[in-house]
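**Q** Sequence below, structure please.
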Amino acid sequence: MILIDAHCHLESKDFPSSAEVVQRAKDAGLAHAIVVGLLQRPGDFGNAIEVAAAHPEFLTPTMGIHPHDAAKATADDWTTLERLCALPQVCAVGETGLDFYYNHSPPQVQAECFRRQCQLAKTLGKPVVIHVRDAHAQCAEILESEGMSRGQIHCFTGDTDDARRYLELGFHLSVSGVVTYKKTEALQAAVAFTPLDRLLVETDSPFLAPIPHRGKKNEPSFVALTAAKVAQLHHRDPDEVALRCAQNTRALFGLKLQLPG
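**A** Predicted coordinates:
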């Protein structure tokens with residue numbers, strides 16, 4: 001099984017030894033992983049770029065400001081974000097988006113932060129990585145109004161109607177371990193509805209570990225379990241689905257990576 005984890009967080013506070021995590025991922029059949037960098041606090045964008053630089057053949061970074069932290073970002077942080085996202089090794093802007101479940105930042109501030117990162121992604125010609133919770137309609141409206149058509153709806157948890165709208169806009173849906181949980185029938189139906197050429201699989205490590213690891217720290221090596229569930233929903237061979245999702249991830253993020261097919 002050939003796999004790419006399309007979205008993980010490997011900050012040193014969660015994974016003191018990135019080398020051990022990467023080796024376990026390789027042992028599980030992963031060819032690559034997208035490691036997501038985020039503003040941690042004013043003046044601090046964490047160490048995703050540094051972690052990726054230690055494993056350049058296996059990790060590719062993104063950089064963004066999460067909607068939770070939209071209100072924390074200073075003018076200097078925006079300048080830093082623009083500089084970091086312009087680096088050639090940074091493959092995407094984000095994760096950014098809307099989270100109206102927690103509302104750690106005011107909704108209007110989240111929306112402004114989201115729009116600004118969409119505009120940055122367009123300027124740089126890079127995809128955008130989107131976090132959305134309890135805000136699918138508002139998220140899709142912003143994407144449409146900003147003319148966005150290339151990116152990842154990370155940890156997609158919407159229903160078939162939500163999936164259809166994102167797909168019509170041109171986005172890929174990224175499926176996490178949530179799809180393996182009980183009482184996620186609407187999400188499973190949406191994943192079954194989505195064409196294989198528009199699906200990615202991810203862990204969102206260290207969060208949302210799939211069954212049977214739910215409640216434990218998640219890591220990229222567990223992405224095979226999510227790929228297997230997607231394959232079940234599509235009534236396809238798990239190896240075929242894993243490879244197709246890997247090919248989709250390579251194409252979306254412009255990875256220089258040799259894969260079959």
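**Q** how about the strands in the protein?
**A** Assigned by DSSP state E, the chain shows strands spanning 3-8, 30-38, 59-64, 93-99, 128-133, 151-153, 172-175, 199-201.
**Q** what angle separates the third one from strand 30-38?
**A** In this case it means strand 59-64. Orientation note: strand 59-64 sits at an angle of 20 degrees relative to strand 30-38 (axes from the mean of the first three to the mean of the last three Cα atoms, to 10 degrees).
**Q** Identify each buried residue in strand 59-64, please.
**A** With burial defined by 16 or more other Cβ atoms under 10 Å, the residues of strand 59-64 counted as buried are 59-64. No exception for glycine: its C-beta is placed from N, CA and C like everyone else's.
**Q** now swap in stretch 33-48 and tell me
**A** Neighbour count says stretch 33-48 has 33-39, 45-48 buried, by 16+ other Cβ under 10 Å.
**Q** and what of stretch 116-132?
**A** So stretch 116-132, judged by 16+ other Cβ under 10 Å, has buried residues 116-118, 120-122, 124, 126-132.
**Q** can you check stretch 252-261 too?
**A** In stretch 252-261, counting by 16+ other Cβ under 10 Å, buried: 252-253, 255, 257.
**Q** of all these, which comes closest to residue 29?
**A** For these, the minimum distance to residue 29 (Cβ to Cβ) is 14.1 Å, reached by residue 257.
**Q** Which pLDDT value does the model give that closest one?
**A** Residue 257 carries a pLDDT value of 94.
**Q** now do residue 261
**A** For residue 261, the predicted pLDDT is 69.
**Q** who's in contact with the lengthiest helix in the chain?
**A** Criterion DSSP state H: the longest helix present in the chain is helix 107-124. The contact list for helix 107-124 (Cβ atoms under 8 Å, 6 or more residues apart in numbering) reads 64-65, 67, 70-71, 73, 78, 81-82, 85-86, 92-94, 96-100, 105, 127-128, 138-139, 142-143, 146-148, 150-151.
**Q** mean confidence for it?
**A** Here the average pLDDT along helix 107-124 is 98.
**Q** Determine how far it lies from the middle of the whole chain.
**A** Relative to its chain's centre, helix 107-124 lies at 17 Å (Cα atoms, centre = their mean, to the nearest Å).
**Q** Same question for stretch 178-187.
**A** Using Cα atoms, centre = their mean, the offset of stretch 178-187 from its chain centre is 18 Å.
**Q** and it, which residues are buried?
**A** 178-180, 187.
**Q** Identify the residues contacting residue 103.
**A** No contacts exist for residue 103 under Cβ under 8 Å, 6+ apart.
**Q** do you know how far it is from residue 158?
**A** Going from residue 103 to residue 158 by Cβ to Cβ, to the nearest Å gives 19 Å.
**Q** so residue 68 touches residue 102, yeah?
**A** Yes: counting by Cβ atoms under 8 Å, residue 68 touches residue 102, with 6.5 Å between them.
**Q** Neighbour count for these two, which is higher?
**A** residue 68 (16 against 10; other Cβ atoms under 10 Å).
**Q** Test for you: state the pLDDT assigned to the more buried one.
**A** At residue 68, pLDDT is 98.
**Q** ok, the residue nearest to it when sequence neighbours are not counted to residue 113 distance?
**A** Closest residue to residue 68 in three dimensions, ignoring its sequence neighbours and counting by Cβ to Cβ, 6 or more residues apart in numbering: residue 104, at 4.1 Å. In this structure, residue 104 and residue 113 are 12 Å apart, going by Cβ to Cβ.
**Q** which residues are common contacts for these two?
**A** With Cβ under 8 Å, 6+ apart as the test, residue 104 and residue 113 both reach residue 67.
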